[in-house]
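Visitor: show me the folded form of this:
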Amino acid sequence: MANELTLSVNGAKQVVSAAAETPLLFVLRNELKLTGPRLGCGMAQCGACSVLLDGEEVRACITPISYAVGKQVTTIEGLPAVWAAEKSLSAADAAKTLHPVQQAWIDEQVPQCGYCQSGMMIVAVQLLAKNPNPTVAQIKDAFTNTPPSPHLCRCGTYTAIIDAVQRAATAMRAGKRAPR
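Guide: Got it, this is the predicted structure:
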């Protein structure tokens, strides 16, 4: 049975009609039309569906919508606003700003097919929020050993991902913002 649930997604209140056990991913994509998180394996094993829930990575393909009620959901589409708020940017500057992780992904030309990359960026944002200057070993650990499971990239862009995380860390420590 569907219920009306109020979510906070990328800083905006959203009222959706869904059964409490509906996966968050389905609501984000089908109801809210956010295409960043993607369905990969559907079993929380690949990371393509990753979003931040109160700043912590969750796999949206298995997270019930009811679990997100009262929490802040951040998808890749919401990362620029996170950075703008952190840096207290004006509305005009915020509108033309990417999160440094997103800009680093562009600068390092990380994606090949790109299917997994939104989840990869979500993990990078979480890592850099906790550790602003990670070593290569810590970056690898965040993507491979940190629960719930490794983030998988069938194209094998792992080296470029490490380079992008290091680039983003440098930019974030310098307080730079990346123009769109």
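
Visitor: mind checking how far residue 68 is from residue 47?
Guide: 18 Å (CB to CB, to the nearest Å). C-beta: built from backbone N, CA, C; applies to glycine.

Visitor: make that residue 33, sorry
Guide: 22 Å.

Visitor: residue 175 reaches residue 87, doesn't it?
Guide: Yes - under the contact definition of CB atoms under 8 Å, residue 175 touches residue 87, with a separation of 7.0 Å.

Visitor: tell me how many other residues crowd residue 55.
Guide: For residue 55, the count of nearby residues is 13 (other CB atoms under 10 Å).

Visitor: which residues touch it?
Guide: 72, 74, 126, 129 (CB atoms under 8 Å, 6 or more residues apart in numbering).

Visitor: residue 71: what's it in contact with?
Guide: With contact taken as CB under 8 Å, 6+ apart, residue 71 is in contact with 8, 53, 54.

Visitor: 6 Å instead?
Guide: Residues near residue 71 by CB atoms under 6 Å, 6 or more residues apart in numbering: 53, 54.

Visitor: domain parsing for this protein?
Guide: 3-75, 78-179 (automatic domain parsing).

Visitor: about what we covered before: and residue 175 and residue 87? Which one has more around it.
Guide: Neighbour comparison, residue 175 and residue 87: the larger count goes to residue 87, with 15 against 9 (by other CB under 10 Å).

Visitor: and the pLDDT at the more buried one?
Guide: According to the prediction, residue 87 has pLDDT 90.

Visitor: can you check residue 84 too?
Guide: Predicted confidence (pLDDT) for residue 84: 92.

Visitor: just give the nearest non-adjacent residue to the one residue sitting closest to the centre of the chain, would you?
Guide: The residue lying closest to the centre of the chain (CA atoms, centre = their mean) is residue 122, at 2.7 Å. Nearest non-adjacent residue to residue 122, counting by CB to CB, 6 or more residues apart in numbering: residue 50, 4.3 Å away.

Visitor: contacts only, for that neighbour.
Guide: Counted by CB under 6 Å, 6+ apart, residue 50 has contacts 57, 119, 122.

Visitor: what's opposite it in the beta bridge?
Guide: Counting by DSSP bridges, residue 50 is bridged to residue 59.

Visitor: tell me how far it lies from residue 152.
Guide: Taking CB to CB, one finds residue 50 at 11 Å from residue 152.

Visitor: what do you get for residue 160?
Guide: In terms of CB to CB, residue 160 sits 15 Å off from residue 152.

Visitor: same question, residue 111
Guide: 14 Å.

Visitor: cool, and residue 80?
Guide: Applying CB to CB to residue 80 and residue 152 gives a distance of 26 Å.

Visitor: the two: which has the busier surroundings?
Guide: residue 80 (22 against 18).

Visitor: what's the next secondary structure element after the helix or strand hosting that one?
Guide: According to DSSP states H and E, residue 80 maps onto helix 79-86. Reading on from helix 79-86 to the C-terminus, the next helix or strand found by DSSP H and E is helix 91-95.
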